[in-house]
Each structure stands twice: as structure tokens, then as C-alpha cells.
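Asks: 3D, please:
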Amino acid sequence: MSSVIQNAKRLIVKVGSSLVTNEGRGLDHAAIARWAAQIAQLRSLGKEVVLVSSGAVAEGMQRLGFDRRPTGVHELQACAAVGQMGLAQIYESSFRAHQLGTAQVLLTHADLTHRERYLNARSTLFTLLDFGVVPVINISGDSLSFDPGLVGQAAPAHRLFIQNAGGAPLQIDRSNTRAAASG
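Replies: Predicted coordinates:
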């Protein structure tokens, strides 16, 4: 275990779409179950864990029968809204297998840049951690975004959240499965 993880009280784990989907065709239930098991292990060590996850658009595409990623903003927003239901369901059942509860927190870029909204979201996040649940954050807010350029493009908002959430960030992607930790 890295010293960052060992010394941190709170960890923010960011998993991108490539780690929670079947190559963009819906959610990879086995992969999500493995993430839940690893996070449960961190929780058993007394760590607070916030999970920042992508995957709603891919799940929505699968549920709605899309063969390819739609290009229209409203279709992408619809996919995100439908997919968010599946994302919440699989995380809830995967964490319940380890006797851990979850909370779904949907944030938009505006929630992170408007000070009062950000502080309210942060207070809610800390309260959820006090309750002992694993907050599952989806920041893209794809079903709510008014900026077509932001739909399905959550990386800038994820970075903003991770920088300000008060924990050691672990960004995990296919090119670095060892989990680059900093903080």
C-alpha cells in the first residue's frame, strides 16, 4: 500500500468510463464489483472513501439500444439520465455485498464553480461520510448541462472537484492500473 493511501484519512477514487463499462457498451458489473471490494477493504482500514465515477452515458446507450454514441446533445442527455439509474443500482448492490451503503450525488460544473452551491455540496458530502456511506459522485451532469460541449466531457469538472474535496486523489485509468496517488 502506498504511503499516500496509508497516511490519508480520506481518499477520492476517480474511475473513468473505460474502467466501469464494457468498452462503452453498458456497465461492466464484474469490474464494478471488484472496485466495491477494493473500496470496502480501504473502509475496513478506517479510510473515508469518495468514489467519482463515469459511465452513465454508456449505460444509457445500452439500455436505449444505441449501437454508436449519439451526437445530438438531447440524445446524449437522455442516455445520461437513463444510464444514471443503472449506475446507481449496480453501485448500491455491489457495495451492499460488503455491508456498505452508498449515496448518489449528481453535480454539474456550475455546482462546483458557484461558491454557495459548492459549499453546500461539500457539506452534504462530509455529512454522508459521517454517516458511513460511500458517496458515488457523477459530476458530468450530462442530463442537466446547458452547454452541448460539456455533455459527456466531465474531466475538467472532475479535476475541479478532486482538487477541492479534501482528500488524497487516486485517478485510475487503463494506462495506469496501479492508481497514481498524490496529495
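Asks: now the strands for this structure?
Replies: Ranges of strands within the chain are 10-15, 48-53, 102-106, 134-138, 168-173, 176-181, based on DSSP state E.
Asks: show me what the second one is packed against.
Replies: Here strand 48-53 touches strand 10-15, helix 29-44, helix 73-96, helix 115-130, strand 134-138, helix 155-164, going by 3 or more CB pairs under 8 Å, 6 or more residues apart in numbering; DSSP states H and E. C-beta coordinates here come from the backbone N, C-alpha and C atoms, glycine included.
Asks: mind showing which ranges of the protein have poor pLDDT?
Replies: 1, 24, 140-183 (pLDDT under 70).
Asks: and with 80 instead?
Replies: 1-4, 24-25, 108-109, 112, 139-183 (pLDDT under 80).
Asks: need the contact list for the residue most central in space within it.
Replies: Nearest to the geometric centre of the chain sits residue 53, at 1.9 Å (CA atoms, centre = their mean). Contact partners of residue 53, counting by CB atoms under 8 Å, 6 or more residues apart in numbering, are 14, 15, 20, 87, 91, 136, 137, 138.
Asks: try it again with 6 Å
Replies: 15, 136 (CB atoms under 6 Å, 6 or more residues apart in numbering).
Asks: that one pairs with what?
Replies: Beta-bridge partners of residue 53, counted by DSSP bridges, are residue 15.
Asks: distance of it relative to residue 67?
Replies: 24 Å (CB to CB, to the nearest Å).
Asks: what about residue 136, how many residues nearby?
Replies: Around residue 136 there are 21 other residues, counting by other CB atoms under 10 Å.
Asks: how near is residue 122 to residue 129?
Replies: Distance from residue 122 to residue 129, by CB to CB: 11 Å.
Asks: please apply the same query to residue 85.
Replies: 24 Å.
Asks: who's more crowded, those two?
Replies: Neighbour count, other CB under 10 Å: between residue 85 and residue 129, residue 129 has more, with 19 against 14.
Asks: now that one: closest residue in space, sequence neighbours ignored.
Replies: In this structure, residue 129 finds its nearest non-sequential neighbour in residue 48, 4.7 Å apart by CB to CB, 6 or more residues apart in numbering.
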